[in-house]
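Engineer: predicted model and sequence follow; I will ask about them next.
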Amino acid sequence: MLHKTLVDVFTAFKKLKVLVIGDVMLDSYIYGDVDRISPEAPVPVLNVKSRNQRLGGAANVALNIQSLGAIPILCSVIGEDSSGNELLDLMTSSGLLIEGIISSTHRQTTRKNRVISGGHHLLRIDEEEDIPLNEEDLKLLKISVLGVIKDCDAIIMEDYDKGCLDPMLIAEIIDEAQRLKIPVAVDPKKRNFLHFKGASLFKPNLKELNEGLKVQINPSQQRAIHEAIVLLDKQLGCENYLITLSEYGVFASKGKEFVGHSAHLRSIADVSGAGDTVISIATLGLALDLPLAFWSELANLGGGIVCEYAGVIPIESEQLFQEAAAHPLFESFFKP
């Protein structure tokens, strides 16, 4: 491995620039107390105590990249509406560039409203549309992406099936990235699942893998996961695969190399956004050409860490470093 210490790896993260393309959203939280049932219907009455908004979807991936020390460039399309304005304000206050964000009169900004009381998630109210971009918005997004792609060290396509990515744009991005020798990592959803042919990294979770291949895999059986990746590779031909398996950890492959990592024992508060952290860490690992076992376990470690916190949050680089420094696997990579 080129890097001699774990410090070298985390220092090298700070030299990377990552293009993040995909569906952004506003995660809105409403907190309150419930002490009675409504007389109008058998539903709880929430007395609102506080509210906050956070960046979600591809915007949370950008935050994770930033938190790890690298520079994110985010390209997406949002609505020209109040939620879109809040999202842009949050990006600005978080230090993220907004030049790659296109505001469209033809779109509605995705907003997910979560109602929480006593640590319990009572309800989620989604405001969104998932139709594909129209020709005008798709052209503007393509221009935005192709204008910055050559300056990046890695690309993440973050697909939440909200319409920002379509097969033609996906193919053009991958073709251009291959020409420029820039690794492309993909976090897929159902609609475009089999359209990311030739990507450097394909990272579905177990549910997405089952839906995409129309199978039912037992996550406790690594042989079954291995066979699913072989089947998937016949259709996609990606260089690396990373399957996140929740409490069963992760399973990664590159060619004939396969590795599984168990989940670390955690006090789980919220799994929201864990996949965003995983794809961010894995992509930086690819950009630095780190070994498969190294970047997949680092991503596994980071995904577990953010699950200990309520709500969608990015990984804290220092906490990830400290846990990795205490992990025997990482120590073994730096032994002379």
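Structural biologist: Received it, and whenever you're ready, just let me know what you need.

Engineer: low-confidence regions, the stretch 1-150 of the chain specifically.
Structural biologist: Screening the stretch 1-150 of the chain residue by residue with the criterion pLDDT under 70, one finds the ranges 1.

Engineer: mind listing the helices for it?
Structural biologist: 6-13, 58-67, 82-93, 135-148 (DSSP state H, counting those that start in this stretch).

Engineer: quick one: the strands in the stretch 201-336 of the chain?
Structural biologist: With DSSP state E, counting those that start in this stretch as the criterion, the stretch 201-336 of the chain has strands at 201-202, 240-244, 250-254, 257-261.

Engineer: check contacts around residue 146.
Structural biologist: The contact partners of residue 146, by C-beta atoms under 8 Å, 6 or more residues apart in numbering, come to residue 176. For every residue, glycine as well, the C-beta is placed using N, CA and C.

Engineer: is it possible to export the strands of the stretch 201-336 of the chain to JSON lines including mean pLDDT, distance to residue 55 and mean neighbour count?
Structural biologist: Listed next are the strands of the stretch 201-336 of the chain as JSON lines, based on pLDDT from 0 to 100; distance: least, C-beta to C-beta, whole Å; neighbours: other C-beta atoms under 10 Å:
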{"stretch": "strand 201-202", "mean pLDDT": "98", "distance to residue 55": "23", "mean neighbour count": "27"}
{"stretch": "strand 240-244", "mean pLDDT": "97", "distance to residue 55": "21", "mean neighbour count": "26"}
{"stretch": "strand 250-254", "mean pLDDT": "95", "distance to residue 55": "24", "mean neighbour count": "24"}
{"stretch": "strand 257-261", "mean pLDDT": "93", "distance to residue 55": "28", "mean neighbour count": "16"}
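
Engineer: distance to residue 278 added to the ones you listed, as CSV?
Structural biologist: CSV is the format used below for those (distance: least, C-beta to C-beta, whole Å):
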stretch, distance to residue 278
strand 201-202, 11
strand 240-244, 6
strand 250-254, 7
strand 257-261, 11
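
Engineer: between those, which gets nearest to residue 42?
Structural biologist: With distances scored as C-beta to C-beta, the stretch of these nearest to residue 42 is strand 240-244 (37.4 Å).

Engineer: I'd like to know which elements that closest one is packed against.
Structural biologist: strand 201-202, helix 206-213, helix 222-236, strand 250-254, helix 274-287, helix 292-306 (3 or more C-beta pairs under 8 Å, 6 or more residues apart in numbering; DSSP states H and E).

Engineer: tell me which of these lies nearest to residue 71.
Structural biologist: The stretch from the helices and strands packed on strand 240-244 with the least distance to residue 71 (C-beta to C-beta) is helix 274-287; that distance is 11.2 Å.

Engineer: give me the helices and strands touching that closest one, please.
Structural biologist: strand 17-22, helix 58-67, strand 154-158, strand 184-187, strand 201-202, strand 240-244, helix 292-306.
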